[in-house]
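# Quick one: sequence and predicted model below, then my questions.
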Amino acid sequence: KDATPHPTRLAFSPDGQLLAGIYGPALVVWDVAARKEVARHQPAKKHFKGLAFTADGSRLLTASNEQVVQVWAAPTWGETT
């Protein structure tokens, strides 16, 4: 279950096919056309505070309350560098 009922931040991929949202400690990514969740990450202690897609849409960057920036690779949504 999401930590909050509504996302605190949202970001569309540059092509508009994906929508990412932050629900407190949870990061959720949806496929807009299919209307389905394609990824969910919820680190144990971190709370996401910001997010943005790269210009080519191949990566999603998140910033946490621990002053850490993470990079997630589309379409697998695994953490990368």
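Happy to help now that I have it.
# List the neighbouring strands of the helix-or-strand element of the chain with minimal mean pLDDT plus their orientation.
Across the helices and strands of the chain, mean pLDDT, DSSP states H and E gives its lowest value to strand 78-80, namely a mean of 89. Here strand 78-80 has these sheet partners by DSSP bridges: strand 69-73 (antiparallel).
# Identify all contacting residues around the strand it pairs with.
Residues outside strand 69-73 that contact it (Cβ atoms under 8 Å, 6 or more residues apart in numbering) are 27, 39, 41, 58-64, 78-81. For glycine as for every other residue, the C-beta is placed from the backbone atoms N, C-alpha and C.
# per-residue confidence averaged over that strand?
Mean pLDDT, strand 69-73: 93.
# Could I get the CA-only coordinates of that strand as PDB?
Coordinates of each C-alpha in strand 69-73 appear next as PDB, following Å, rounded to 0.1, in the frame of the first residue of the first chain:
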ATOM      1  CA  VAL A  69      20.400  10.800  -6.200                       C
ATOM      2  CA  GLN A  70      19.500   7.500  -7.700                       C
ATOM      3  CA  VAL A  71      19.300   6.700 -11.400                       C
ATOM      4  CA  TRP A  72      16.800   4.100 -12.700                       C
ATOM      5  CA  ALA A  73      17.100   2.600 -16.200                       C
END
